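> Sequence first, predicted coordinates after that:
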Amino acid sequence: MKWRNVLTQLKEQKAALAALIILAVFVLMSVLAFLSPYDPNKIMPMDKLQAPNASHWFGTDDYGRDYFARALYGGRVSLSVGFLSMAIAVLVGTAVGTVSGYFGGWVDNVLMRMVDVLMSIPSFFLIMILNAYLKPSISTIIIIIGMLSWMNIARIVRAETLSVKEREYVLYARVSGQSRLNIILKHIVPNIMPTIIVAATINIASAILMESSLSFLGLGVQQPNSSWGSMLNNAQGYIGEAPYLALFPGMFILLTVLSFNFLGDVFRVAFEPRANRR
Amino acid sequence: MQKYILRRVLQAIPLLWFISIVSFALIKLAPGDPVLSFVTPDMDAEAVERVRQSLGLDQPIYIQYWIWLKNVFMGNLGYSVSNHRPVLTLIVERLPATIGLMGSALLLSLIISIPLSMYAASRQNRPADRVLGLISYIGISIPSFWFGIMLIYLFAVKLNWLPSMGMRTIGVDSIWDIMKHGILPCTVLAFMNVSVYMRYIRSHTISQLEEDYVQIQYAYGATQGTVLRRHVLKNVLLPIITILGMSFPELIAGAFITESVFSWPGMGLLGINSVFSLDYPVIMGITMISSVMLVIGNLVADVLYGVVDPRIKTMG
Amino acid sequence: MKRKNIWITGLLSLLVLFMSACGNSSTPAQDPNSTSSTTAEGTGQPKDGGNIIIAVHEDPRVLNPLYSNDRVTLTINQSLFAPLYTIEDGGEKKFVLAESLTPSEDFLTYTLKLREGLTWHDGQSLTADDIVYTMNSILDEKQNSSQRGSFVFNGKPLTVKKVDDRTVEFVLPQSSASFEAMLATLKPIPEHVFEGGTDLEKSGKNSNPIGSGPFKFKEYRPGEYVTLERFDNYFGGKAHLDSVTYRIAKDPNAANLALQNGELNMRKIDPADHNKLNGTGKFNMVIYPEGRLNYMVYNFNIDALKKKEVRQAIGYALDKNELIATAYGSSEFAEPGTSIFTPDTQYQSADHEQYNYNADKAKEMLKAAGAENLKLRLAYANSNKIQEAQALVIQQKLKEVSIEVELMPLDSTAYSNMSLDPNNTKFDLSFNGYIMGVEPDAYKSLYLSDAAYNYSHYKNADLDKLWDQAAVEMDTAKRAELYKQIQQTIADDMVVYPIAFDKAIIAVDKRYGGLDEARPKPVFMFEDLSKLYLN
C-alpha cells in the first residue's frame, strides 16, 4: 500500500486537503448533531419559514422546524446511506469480481453476463421501481442502492484479478495447495486493495447522489426524517420566497460529492504513479 | 469486419432476452395482487375472477411469461392501468421529446467539450486548465435536479427570461418556442456530459501531445493550434465514440430526473409517473424500451469503433 | 408528481356518487365566492374571444364520461359533455340537455324529454337513441363502467326504452329516492360514433371524443395539454372564449411558477400557496366549500383500537384547531369537522360529543382502559401535503399522552389498495376524505358494515338498520331524527375522527371575468366555462 503517496499527494494538492477537511467537518457535524438545542422534528407552525437569523442559523422550514438541526440530522442520513451502500457494493462487487476473474470459464461467463444485463437496465429507474415496491425506509434505500451499484466495481476488480492471479506468489500459493477461498482472501484481495479503495470512494459519491435524487423525487427518505435530498423536495415549493431552503442542502450535497470525487482521484494518482498528473 | 459486427449483434440477443426476464419479473415482484389494479371494490368475486382470466393471471408463471413475450414481439406491451391506452403508443408518442432533448444535449456536449478539453490539455496544469478541471469536477458532482432548480430560480423566477416548464407555449407552434423551452433542461443534461467528456478527452489529448508525430510537427515549425486541429483532433475523435456509448446510461438516467424537474413531456416523465401510480404495464414497457435503447447504443458505439479502428478485427 | 393534488386519495371512484348539486346554502357564514372575485367583476362587459389555460395535475384517463372518476377527467369532460340536467341547491333540477323528467305516481317509471334540435359536436343530432345507448352501455357488465352501480338496485338494473326521438323511459325495479340525483351524473355519449365497437373503454374513438358540451375537442398532446375549442351550435349559447386548454402540470411548484409567469391562467391551489400567490395581486382567489370531509380513520381490525375508550381518548388528545392551522395554514381554508356529514348535506347535525381538546382527560381514559404506552402506525399518502402536515401534528400531539406514533408515508396507489382491503392490519390510523353530495343516503357506502368503502371496518348491525330505515322514510321530521341518531352513534363510537370540512381555492388570472356566472363547483372547479370571458 502506498499510503505515503497519498500523504504526498494531499500535501501537494491543496484542493484535496480541503476536500478531506470538508468531509471531516461534515462527518463530525452529523455525529455531534445531538448537541443542537433544537429537535429536528419539532413542529412549530407559528415559526414557519423564518429567514436565517441568530437563533435559527439556517432559518426554519414550512413546518417551523429548525433547518440547521434538520440539515445536521439529514447529513447523518445522507452520509450513512453513502457509506453503507458503498460497503454493500464493494462487498458484492469484490466477491463477484474476484471469483469471476480467478475461476474464469463458465463461472466467469455467467457472472459477467449477469453484470451486462444489470448494466443494460437504467439502474436509476430500477432503483426507483424497487423503492416504490418496498416499504420506504432508510435501510431499504441502502440495500437497494448497494445491490444495484456494484457492477462497475466487479468489472474493475475482475480485470485486476486477471492480472494478479498470474503473479508468482499466487501461483506458488496454488501449488502449495491452499484453498481457493484462502488464495482470494489472502493473496488477491490485498493486492488489488488500491483499486478497490479508489472505486469505493467514487462509489460513495454516486450513492449519495442517487439517494438525494430519490429523496428529492419523494421516493427515498420519508417524513419526519430528513436527508439533504428530501429537504430539497420540500424546498422547491418555496424557491421564490425562501431560496435559502434550497440553497443549503444543495450546497452540502455538492460539497460532499465533490470532495469524495476529489479524494478518489487523489487515491488513484497516489496508488498508480503511472497515471500521474493527467 | 462483418464477422465482428455479426458477433456483436449475436451477443446482444441473449442480453435482450435476459432483460425481458427482468422486466417480466418486475410485475411479478410487485406487492399485492396485480389484479387489484384492474378492479373496483364494487366488483364481486366472479367479476374479479373474470378480469384475472382475461389478464392470463390464472396461468402458471412460465406460460404467463411466454404469452407476454409473444405479445411484446408483436408490439403489444399491454395497456396502461391508469388510462387504458396501449403502452407502446404512450411511449412512442413521448419518444420524440426525449430523443430530441437527449440528442441536442449530446450534440451540445460534444461541441463544447472537444475544443475546451483540447485547450485545457494544451495548457496543462496552468491556471486555465485548473479552472476548467474544477468546473468539470463540479459538473460530475452536482445533483442535476438541484442544478435545474437553481437555473429555474435564476432564469425563470428572477430574470423571467425563459419558461420554467413544459415544451411548448400553448397556441404557439414554432421550433424556436420548443428550443426556448429546451434551453434549461438541455443545459442541465449537457453540463454533466461535458464534464465527463472533458476529463476523458483531455487525458487523451495529453497523451497524443507526447507522441512522436506531434514533436515532428513542432520541429517543422507548426504552431500548437495547427497541430491540435490538423493532427491531434483526428486521433482524439476515436475514443470519443467509446465515451458516447458509455454516456448513454448516464444520459437516460439524467433524462428521468431532468424531465421531471422541467415537466418535459418525454419518456422519463412518463416513467416516473408510472412508478408513482404503480402502473405496472407502463413500468415494464419503459424498462424494456430504455434497456433496448441502451443495448443498441452500446452496440452501435462498438461497431463504429470497429469500423474506425481496424485493429479491433484481430483483437475482438 | 411529488405532491400531486390528490385530495381524495383512495376515494377517487366515489366521486361518481358525487352529485352536481353541492349547494352552499347551508354553509355557515361563507359566501360561495370570496369577496375578491366579485370586486373585479364589474370591470368589463362579457367580451368574445381569447383563450384560457387551466392547470390540471395529470393526464386525463379516458375522455369518455362512462369511465371518468378522477378529478382531471371529470374536469375536462365537464366542458366536453353536457349532462341531462343538474341538481341545484335545495334539490331543484336545472335542465340542460333534457327539458323535463316526470316520475310516475309509484316512482317506478321516469319519463325524460329531450330538448329540440340538439346536436353533437360533429353535427349529428342527439336523440333518444343516444340516451338509450349510453344507459345500456353503462349497464353492460362487459363495459366495466364505473357508473354501473348507480343504476343497479338491489342487484337489479333499471331498464331503459325509447318512446320517440325525444322521449326516453326509465323503469326502476324498486323506488329509489336517489335516482334523480344519480341520473344527473349521466353524460350521454354518441351512439353513431361508438356503434359496433366492443370495448368502449379501450376504443380508439376516445382519442377524438365527440360530446355535446359548450366546447369541442381539438387536440391532445399527452403529457402536455388538452385543447378544446368553442362549439358554435351549443344549445345554451355560444361560449365567450375561443378555446380552453387544460395544461398538464404535474409538479405543483412548477405550476405555481408558471401561474405567476402567465403561462397558466387558472389553477386549484393548496392552502399553503394562497398567501404567496395572493400577494402578487395578479389573481382572483375563488374560495368555496367543496362539500368535502377530511377525516382520520380508526382501523377496527387492530386490537388496541377495538376499545371505544381508546379511540375516544385519541380524539380528546388531538386539537382540531391546531391540526387545521398547521395543515391549512389558516382557518380561512377549512372549517373544523363536526360530523360525518358535510354542512351542505341534508339533515347534517352537530348535536353530539365533539371531543374538544383535553389532554388530561385523554390520559385518564387511556389509563382506565389499561392502554398506556401504546404504539400506533399512522398511514398517509406521501404525495399529499395536507395529510403529511396532519400526520406530523398528530405524532407530536399523541406523544404528549404517551402514545408513540410511527409514520407510514405510502404511495397513493398502495395506500388506497391497503385501505380497501377489509382485513387490513398494516396500519392503525389513516386519513381519508370524501365528497358525497347533499343526499345523506349516499354516505352509507362508507359506514354500512359490509360497505366497500368502510375504511374503519366498523361493524354495527343496529346502525345498518338505521341507515336502511332512513333511506325509505318519507316523513322529513322522522328522517331528520334517524340521521341525527346515525351521526350520534358514529360520533359516540368514534368510528372516524372528523378533522375538517375543507374548501377549494382556485386562483384565476384577474383578466378573466364571469367567475360568478361560471359557478364554482367542487371537483371540476367551474360548472360552465362558457360563461368565462377575457377582459
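Arrived safely, thanks for sending.
> so A:Leu49 touches A:Tyr63, yeah?
No: with contact defined as C-beta atoms under 8 Å, A:Leu49 does not count as touching A:Tyr63 (9.4 Å). Any C-beta I mention is one placed from the backbone N, CA and C, and that applies to glycine too.
> These two: which has the busier surroundings?
A direct count of neighbours by other C-beta atoms under 10 Å in any protein chain shown for A:Leu49 and A:Tyr63 places A:Tyr63 higher, at 22 against 18.
> Next one: the more buried one from A:Gly104, what distance?
Applying C-beta to C-beta, to the nearest Å, one obtains 57 Å for the distance of A:Tyr63 from A:Gly104.
> Correct me if wrong, but C:Glu406 is in a strand.
Yes: applying DSSP: H, G, I helix; E, B strand; the rest coil, one finds C:Glu406 inside a strand.
> Near it, how many other residues are there?
12.
> tell me the contacts of the closest residue to it other than its chain neighbours?
Leaving aside its chain neighbours, C:Glu406 sits nearest to C:Arg377 (4.9 Å; criterion: C-beta to C-beta, 6 or more residues apart in numbering or on different chains). Each residue near C:Arg377 by C-beta atoms under 8 Å, 6 or more residues apart in numbering or on different chains is listed here: C:405-406, C:408, C:426-429.
> Quick check: C:Arg377 is in a strand.
Yes: counting by three-state DSSP, C:Arg377 is found in a strand.
> Could you check how far it is from chain B?
In this structure, C:Arg377 and chain B are separated by 17 Å, where distance is defined by C-beta to the nearest C-beta, to the nearest Å.
> Equivalent analysis for C:Ala334, please.
26 Å.
> For that residue, what are phi and psi?
With angles defined as degrees, to the nearest 10, C:Ala334 shows backbone torsions of phi -160, psi 140.
> For it, grab the count of nearby residues.
C:Ala334 sits with 25 neighbouring residues when counted by other C-beta under 10 Å.
> do B:Ile272 as well
Neighbour count for B:Ile272, taken as other C-beta under 10 Å: 23.
> In terms of helices and strands, where is it?
Following DSSP states H and E, the helix or strand that holds B:Ile272 is helix B:267-276.
> what separates that helix from the chain centre, distance-wise?
Here helix B:267-276 shows a centroid-to-chain-centroid distance of 15 Å under the convention C-alpha atoms, centre = their mean, to the nearest Å.
> separation between A:Asn261 and chain B?
To chain B, A:Asn261 is 5 Å away according to C-beta to the nearest C-beta.
> Tell me if I'm right that that residue and B:Ile142 touch.
No: using C-beta under 8 Å, A:Asn261 is not in contact with B:Ile142; the gap is 10.7 Å.
> can you tell me which residue is nearest the centre of chain A?
Chain A has A:Ile204 as the residue nearest its centroid, 1.8 Å off, counting by C-alpha atoms, centre = their mean.
> Could I get the average pLDDT for the helix or strand hosting that residue?
For A:Ile204, the enclosing helix or strand under DSSP H and E is helix A:189-217. Confidence over helix A:189-217 (mean pLDDT, whole number) is 91.
> Could you do stretch C:73-81 as well?
Per-residue pLDDT values across stretch C:73-81 average out to 92.
> hmm, it touching chain B?
No: contact between stretch C:73-81 and chain B, assessed by C-beta under 8 Å from any C-beta of the partner chain, is absent, since the two come no nearer than 8.6 Å.
> Distance from that stretch to the middle of the chain?
Its chain's C-alpha centre and that of stretch C:73-81 lie 14 Å apart, by C-alpha atoms, centre = their mean.
> Only C-alpha atoms, please: export it in PDB.
C-alpha atoms of stretch C:73-81 as PDB (Å, rounded to 0.1, in the frame of the first residue of the first chain):
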ATOM      1  CA  THR C  73     -61.000  13.600 -16.400                       C
ATOM      2  CA  LEU C  74     -64.200  14.900 -14.700                       C
ATOM      3  CA  THR C  75     -63.000  18.400 -15.100                       C
ATOM      4  CA  ILE C  76     -62.300  18.100 -18.800                       C
ATOM      5  CA  ASN C  77     -65.400  16.100 -19.500                       C
ATOM      6  CA  GLN C  78     -67.400  18.800 -17.800                       C
ATOM      7  CA  SER C  79     -66.800  21.100 -20.800                       C
ATOM      8  CA  LEU C  80     -66.900  18.400 -23.400                       C
ATOM      9  CA  PHE C  81     -70.000  16.600 -22.400                       C
END
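> check contacts around whichever residue of the stretch 151-300 of chain B sits closest to chain C.
With C-beta to the nearest C-beta, the shortest gap between the stretch 151-300 of chain B and chain C falls at B:Pro265, namely 3.2 Å. When the contact criterion is C-beta under 8 Å, 6+ apart, the partners of B:Pro265 are B:94, B:97, B:166-167, B:259, C:221-224, C:248.
> same thing but at 10 Å, please
For B:Pro265, the contacting residues are B:93-94, B:96-98, B:165-168, B:259, C:59, C:221-225, C:248, C:250, taking C-beta atoms under 10 Å, 6 or more residues apart in numbering or on different chains as the criterion.
> Buried among those residues? Make that a PyMOL selection.
Applying 16 or more other C-beta atoms under 10 Å in any protein chain shown to those leaves a buried subset, and the PyMOL line that selects it is:
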select buried, (chain B and resi 93+94+97+98+165+166+167+168+259) or (chain C and resi 59+221+222+223+224+225+248+250)
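> any idea how far C:Asn417 is from C:Ala381?
Taking C-beta to C-beta as the measure, C:Asn417 falls 12 Å from C:Ala381.
> quick one: which of these two has more around it?
Taking other C-beta under 10 Å, C:Asn417 and C:Ala381 do not tie; C:Ala381 has more neighbours (28 against 20).
> The more buried one and C:Ala414 touch, don't they?
Yes: in terms of C-beta atoms under 10 Å, C:Ala381 counts as a neighbour of C:Ala414; the distance is 9.2 Å.
> give me the element the residue nearest the centre of chain B is part of.
Against the mean C-alpha coordinate of chain B, by C-alpha atoms, centre = their mean, the closest residue is B:Ile252 at 2.6 Å. When secondary structure is defined using DSSP H and E, the element that contains B:Ile252 is helix B:233-261.
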